[in-house]
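Peer 1: generate coordinates for the sequence data below:
(6 chains)
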4 protein chains.
Amino acid sequence: MIINVDLAAEVPIYQQIRDQVVEAIAHGTLTEGSTLPPIRTLAADFGINFHTVNKAYDLLRQEGLIRLSRKTGAVVTAAATDQYLPSDWTAKARTLLAEAVARGIPADDVLHACRTLLDSFSATQQEDKP
Amino acid sequence: MIINVDLAAEVPIYQQIRDQVVEAIAHGTLTEGSTLPPIRTLAADFGINFHTVNKAYDLLRQEGLIRLSRKTGAVVTAAATDQYLPSDWTAKARTLLAEAVARGIPADDVLHACRTLLDSFSATQQEDKP
Amino acid sequence: MIINVDLAAEVPIYQQIRDQVVEAIAHGTLTEGSTLPPIRTLAADFGINFHTVNKAYDLLRQEGLIRLSRKTGAVVTAAATDQYLPSDWTAKARTLLAEAVARGIPADDVLHACRTLLDSFSATQQEDKP
Amino acid sequence: MIINVDLAAEVPIYQQIRDQVVEAIAHGTLTEGSTLPPIRTLAADFGINFHTVNKAYDLLRQEGLIRLSRKTGAVVTAAATDQYLPSDWTAKARTLLAEAVARGIPADDVLHACRTLLDSFSATQQEDKP
DNA sequence: GTGGTCTAGACCACA
DNA sequence: GTGGTCTAGACCACC
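Peer 2: Just a heads-up that it's a prediction; the model follows:
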């Protein structure tokens, strides 16, 4: 699994790490039981402080995507599949989609872009859609 | 056009204003040539500093959605500035969609949610535009 | 509102702060809209680092008990009343109650102790039970 | 008596063992004079280090719930060591109950949950003891 | 002036 | 050797 952080970006480093782990899980690059690199190792690789990585991992733990323990390290948990899309997700999606439509992109194109992105996840995930 | 800001929310006020203007444009509530309320008026309505409103309008100007001038105030510009989705939009969309998939939501459900949101824009658009 | 921390205790300082805020909310000492002391102020009062207080406040924010913002500081939110007792609460309660019973305390006495504690909350909360 | 440990859980293994023994004593599954499995046997069953089991047993010994000796192994002691609830138990209970009340759960519901848990102990106790 | 992010480095708990 | 806690101090974003 490959993670890249942009130290000069406006988005917080811990958020970048969190986002890339989320995407890796969606892609299937990380599956249930996969272990993430140790906090301090990842920090050393990026040349950043381990507290920053810790914050990213803690976020993922709060979201129920990974489990942290001193013995096993950071382990990806089973996808919960417990619920529907939370309201704050829908709110963020509404704003994002509105942004595209407001720029004059046809709704069909926006939807197509979403489908393409979603397909890219499934393709990697299942290897049965070539 | 109605804007509501939640002074106690975790999302910055200027972002809330910007988002609601974007959504209003997508809905068709605001169309090309529509004028937004004067900065100081809007600030007074919400009881917030006019710098905050100014920041929101400046963001919209940077995105090419409105034009600012001393004489005409804030005017919504023609929509078709970009024909393609910018890469940072795709990046944000990828993260958002991955978030849903990583939580175990089926891709079809996610796509359906997107379609529903997009349809809600068009519905309002056609009502208000003819 | 009075908070005391024991620097020498085995329970983490941030947890002590979090627990006392939770108890203050249950007691009614802190109600919806009450503001907690600024992170750095509280840290200075206790002679501890502001990061420690920050962690406590962040925990409370995750639990939905307070809202944090740069302008309003830490504000107690409305009690959600959205759900039943979560399963992990029940698990902790089971262990705690078992602890008392295993020591030979009659179940009635344990229940009575629980009622007394709960009554002490209500008494302060409503001022109608003197 | 059946003990289950979740090696991947966030709660320390020694704590899990200790908690389950406490609950078994409360239930009446373990009564005065019952012997717990030898440390090394239990450790082998779970595939964990015997120091971990040792720590759990030592905790129980400190709490006066079991007696350790080379000859007899770990034996459950008479329950009636304390007649009153220790202050740290009350403190933990206060925090736990406050947690529920602060989330908006009515005090009656919380008390009812406690009674249900306590009843579940007694039910098992009487079944197994006559 | 508030909280948010990041760094650097210490010691502890668990296994 | 892992994550967890705490300290000390820096700069930034928002208002």
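
Peer 1: which SSE is the most centrally placed residue in chain A in?
Peer 2: In chain A, the centroid-proximal residue (CA atoms, centre = their mean) is residue A:22; its distance is 1.9 Å. Using DSSP states H and E, residue A:22 falls within helix A:13-27.

Peer 1: hey, what's residue A:73 bridged with?
Peer 2: Following DSSP bridges, residue A:73 is listed with bridge partners residue A:69.

Peer 1: for chain A, what lies in contact range of DNA strand F?
Peer 2: A:10, A:36, A:38-41, A:51, A:54, A:57-58, A:68-71, A:73-74 (CB under 7 Å from any atom of the strand). (C-beta placed from N, C-alpha, C; glycine too.)

Peer 1: which of those sit farthest apart?
Peer 2: Using CB to CB, the residues of chain A next to DNA strand F span at most 36.9 Å, a distance reached by A:10 and A:71.

Peer 1: tell me which of the two has more neighbours.
Peer 2: residue A:71 (9 against 5; other CB atoms under 10 Å in any protein chain shown).

Peer 1: got phi/psi on residue A:38?
Peer 2: The phi/psi pair for residue A:38 (degrees, to the nearest 10) reads phi -60, psi 150.

Peer 1: just the pLDDT at the residue lying closest to it once chain neighbours are set aside, thanks.
Peer 2: Once flanking residues are discounted, residue A:38 sits nearest to residue A:73: 5.7 Å by CB to CB, 6 or more residues apart in numbering or on different chains. Note for residue A:73: predicted pLDDT of 89.

Peer 1: list the contacts of residue A:73.
Peer 2: Listed by CB atoms under 8 Å, 6 or more residues apart in numbering or on different chains, the contact set of residue A:73 reads A:35, A:36, A:38.

Peer 1: quick check: the gap between it and residue A:64.
Peer 2: Going from residue A:73 to residue A:64 by CB to CB, to the nearest Å gives 17 Å.

Peer 1: and the top helix by length along chain A, what does it pack onto?
Peer 2: Looking across chain A with DSSP state H, the single longest helix is helix A:107-126. Judged by 3 or more CB pairs under 8 Å, 6 or more residues apart in numbering or on different chains; DSSP states H and E, helix A:107-126 is in contact with helix A:13-27, helix A:87-102, helix B:87-102, helix B:107-128.

Peer 1: the second one and chain C, any residue contact?
Peer 2: No: judged by CB under 8 Å from any CB of the partner chain, helix A:87-102 stays clear of chain C, getting no closer than 12.1 Å.

Peer 1: run a quick neighbour tally on the nearest residue to residue A:25 once chain neighbours are set aside.
Peer 2: Excluding the flanking residues, the one nearest residue A:25 by CB to CB, 6+ apart is residue B:102, at 4.2 Å. Neighbour count of residue B:102, defined by other CB under 10 Å: 24.

Peer 1: can you tell me which residues contact residue B:102?
Peer 2: Counting by CB under 8 Å, 6+ apart, residue B:102 touches A:22, A:23, A:25, A:26, A:65, A:79.

Peer 1: repeat the analysis, applying 7 Å as the threshold.
Peer 2: Applying CB atoms under 7 Å, 6 or more residues apart in numbering or on different chains, we find residue B:102 in contact with A:22, A:25, A:26, A:65, A:79.

Peer 1: same question for residue A:90.
Peer 2: Residues near residue A:90 by CB under 7 Å, 6+ apart: residue B:113.

Peer 1: can you pull out the low-pLDDT segments for chain A?
Peer 2: A:1, A:79-82, A:123-130 (pLDDT under 70).

Peer 1: try it again at 80.
Peer 2: A:1-2, A:78-84, A:122-130 (pLDDT under 80).

Peer 1: chain D contacts on chain A?
Peer 2: When proximity is defined by CB under 7 Å from any CB of the partner chain, chain A lies next to chain D at A:67, A:69, A:72, A:75.

Peer 1: taking those, please make a PyMOL selection of just the buried ones.
Peer 2: Those of the residues of chain A next to chain D that count as buried under 16 or more other CB atoms under 10 Å in any protein chain shown are selected in PyMOL with:
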select buried, chain A and resi 67+75
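
Peer 1: would you mind measuring from the residue lying farthest from the centre of chain A to residue D:73?
Peer 2: Most distant from the centre of chain A: residue A:104, at 28.2 Å, with distances by CA atoms, centre = their mean. Using CB to CB, one obtains 78 Å as the distance from residue A:104 to residue D:73.

Peer 1: same deal with residue A:43?
Peer 2: Using CB to CB, one gets 46 Å for the distance from residue A:43 to residue D:73.

Peer 1: could you chop chain A up by domain?
Peer 2: For chain A, automatic domain parsing gives the domain ranges A:13-76, A:87-126.

Peer 1: relative to DNA strand E, which of those domains is closest?
Peer 2: domain A:13-76 (3.4 Å; CB to the nearest atom of the strand).

Peer 1: does DNA strand E sit close to that closest one?
Peer 2: Yes: counting by CB under 7 Å from any atom of the strand, DNA strand E has neighbours in domain A:13-76: A:13, A:14, A:15, A:48, A:49, A:51, A:52, A:55, A:70, A:71.

Peer 1: how far off centre is that domain?
Peer 2: Relative to the centre of its chain, domain A:13-76 is centred 10 Å away, using CA atoms, centre = their mean, to the nearest Å.

Peer 1: can you give me the end-to-end distance of that domain?
Peer 2: Using CA to CA, to the nearest Å, the end-to-end distance of domain A:13-76 comes out at 20 Å.

Peer 1: could the domains of chain A go into TSV alongside distance to residue D:5?
Peer 2: Listed next are the domains of chain A as TSV, based on distance: least, CB to CB, whole Å:
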stretch	distance to residue D:5
domain A:13-76	12
domain A:87-126	32
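
Peer 1: right, and those domains - which one's nearest residue C:91?
Peer 2: With CB to CB as the measure, domain A:13-76 is the member of the domains of chain A nearest residue C:91 (16.5 Å).

Peer 1: still on that earlier bit, name the element the residue farthest from the centre of chain A belongs to?
Peer 2: Since the elements are taken from DSSP H and E, residue A:104 ends up inside neither a helix nor a strand.

Peer 1: show me what residue of chain A gets nearest to chain C.
Peer 2: Using CB to the nearest CB, the single residue of chain A nearest to chain C is residue A:62, 6.2 Å away.

Peer 1: sorry, back to before: what's the PyMOL line that selects buried ones from the residues of chain A next to DNA strand F?
Peer 2: Command for PyMOL, covering only those of the residues of chain A next to DNA strand F found buried under the criterion 16+ other CB under 10 Å:
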select buried, chain A and resi 36+39+54+57+58+68+73+74
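
Peer 1: wait, which of the residues of chain A next to DNA strand F is closest to residue C:112?
Peer 2: Among the residues of chain A next to DNA strand F, and counting by CB to CB, the member closest to residue C:112 is residue A:69, at 37.8 Å.

Peer 1: ok, then the element right after the helix holding residue A:22?
Peer 2: Taking DSSP H and E as the definition, the helix or strand right after helix A:13-27 is strand A:35-36.

Peer 1: next helix or strand past that following strand?
Peer 2: With DSSP H and E, the next secondary element past strand A:35-36 is helix A:39-46.

Peer 1: alright, I will stop here.
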